[in-house]
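Novice: Sharing a model prediction with you, sequence too.
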Amino acid sequence: MGFAAVAICAAVGAGLYLRSEYEKEQLSIERTVFESAKIKADRTIVFLSDLHEHRFGDGNERLLAAVNEAAPDLVLVGGDMIISKGNADMAAALELLEKLAGKYPVFCGNGNHENRLLWEHQVYGGAYEAYVHSLKKLGIKVLDNRTEWYGEDIAVTGIDLKKGAYRKFHPDHLTEDEIEQKVGKAAKERFQILLCHSPLYFSSCRSWGADLTLSGHFHGGTIRLPYLGGVMTPQYQFFLPYCAGEFTEDGRHMIVSRGLGTHSINIRLNNKPQLVVVDLKMKS
């Protein structure tokens, strides 16, 4: 390869790196509306996922401002707010959640990074218990295979997926019956929200009874291409349709967040961090 070709490749690489560094700070607030006969009063929900200890400004001030602007009735957290990779890094997550819990009801589900603290207890010791204890002290509802009700018409359930669900190349299956064994039956009379960190299991989630499944995990596919979507997930699946976006099947919905931070593969191209705002409306 000649000097000119090397120089061009280096310039392109540098340009893409700078673009990625820029995009990682460009918070995108994206709003969607769902109507349901189960909803008795209009409500706004903010959904955060995959922060991975990222800070949008000092003390996450820009992220907090975006949440405040949305004026939610309820904040739902879909997991992977922390980083567990040799060390358990959770300072930014706890700082953010403390500020949110001071203003809003907050319900937290777990992702693979929270669950890894349990799976690899010999590495992390009591880090999971300490994290959960900190959340509960703030008044946050921790949905580790359990359900909390909000108002008279909403049920929010969080499921802790098994380790094999996050296996690279060949993740485990998850059936409707397995969901029920973990979290119990869906609340049929209420609008049932399920925090399921991986979106691979939408079919089983909706069969279980989730009116709305909220997921993340795939970071939007890292690099997003027009018409093709996300290029690669953290589990090395390529051009997976469920990388990000909204999906409706059989009258039930799933939103897959592109997430707020990155880890391991610290790249975002055409893939801005996402704050999800959901307006739940009474059916007219």
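Specialist: Nice, I can see it.
Novice: got the contact list for the most centrally placed residue in the chain?
Specialist: Among the residues of the chain, S49 comes closest to the average C-alpha position under CA atoms, centre = their mean, at 2.8 Å. Residues in contact with S49 (CB atoms under 8 Å, 6 or more residues apart in numbering) are 77-80, 111, 197, 214-217, 257, 259-260, 276. The C-beta positions use only the backbone N, C-alpha and C, and glycine is treated the same way.
Novice: what do you get if the cut-off is 7 Å, keeping everything else the same?
Specialist: 78-80, 216, 257, 259-260 (CB atoms under 7 Å, 6 or more residues apart in numbering).
Novice: which one is it nearest to, not counting chain neighbours?
Specialist: Spatial nearest neighbour of S49, chain neighbours left out: G216 (3.2 Å); criterion: CB to CB, 6 or more residues apart in numbering.
Novice: can you tell me how far that neighbour sits from S36?
Specialist: Separation of G216 from S36 (CB to CB, to the nearest Å) stands at 22 Å.
Novice: my guess is L228 meets F239, correct?
Specialist: Yes: contact criterion CB atoms under 7 Å: L228 and F239 qualify, at 5.7 Å.
Novice: From the chain's centroid, how far away is stretch 41-51?
Specialist: On the basis of CA atoms, centre = their mean, to the nearest Å, stretch 41-51 is displaced by 11 Å from the centre of the chain it belongs to.
Novice: can you offset everything so residue one is 2?
Specialist: Okay, using 2 as the starting number, the last item reads as stretch 42-52.
Novice: Give me the three-state assignment for the spatially closest residue to K163 that is not a sequence neighbour.
Specialist: Distances taken as CB to CB, 6+ apart place D173 nearest to K163, at 6.2 Å, with adjacent residues excluded. Assigned with DSSP: H, G, I helix; E, B strand; the rest coil, D173 falls in the coil class.
Novice: tally of neighbours for D173?
Specialist: 14 (other CB atoms under 10 Å).
Novice: Let me see the contact set for it.
Specialist: Contacts of D173 by CB under 7 Å, 6+ apart are 163, 165-166.
Novice: Can you select the buried ones from the residues you listed in ChimeraX?
Specialist: Selection of buried members from the contacts of D173 for ChimeraX, criterion 16 or more other CB atoms under 10 Å:
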select :166
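Novice: Turn the contacts of D173 into a markdown table, including secondary structure and distance to V107.
Specialist: Below are the contacts of D173 laid out as a markdown table (DSSP: H, G, I helix; E, B strand; the rest coil; distance: CB to CB, whole Å):
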| residue | secondary structure | distance to V107 |
| --- | --- | --- |
| K163 | coil | 25 |
| G165 | helix | 29 |
| A166 | helix | 24 |
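Novice: My read is that G217 contacts L196, right?
Specialist: No: at 9.4 Å, G217 does not count as touching L196 under the criterion of CB under 7 Å.
Novice: Overlap of the contact sets of these two?
Specialist: G79.
Novice: which one of these two has more residues nearby?
Specialist: Shown here are G217 and L196; by other CB under 10 Å, G217 has more neighbours (31 against 28).
Novice: If I look at that one, what pLDDT would I see?
Specialist: pLDDT recorded at G217 is 97.
Novice: For it, give me its contacts.
Specialist: With CB under 7 Å, 6+ apart, G217 has these contacts: 50-51, 79-81, 198, 257-258, 260.
Novice: Go again with 8 Å.
Specialist: By CB under 8 Å, 6+ apart, G217 lies in contact with 50-51, 79-81, 112, 198, 200, 257-260.
Novice: Tell me how far it lies from G126.
Specialist: 26 Å.
Novice: for F108, helix, strand, or coil?
Specialist: Going by three-state DSSP: F108 is strand.
Novice: thinking it is in contact with E149, fair?
Specialist: Yes: with contact defined as CB atoms under 8 Å, F108 counts as touching E149 (5.8 Å).
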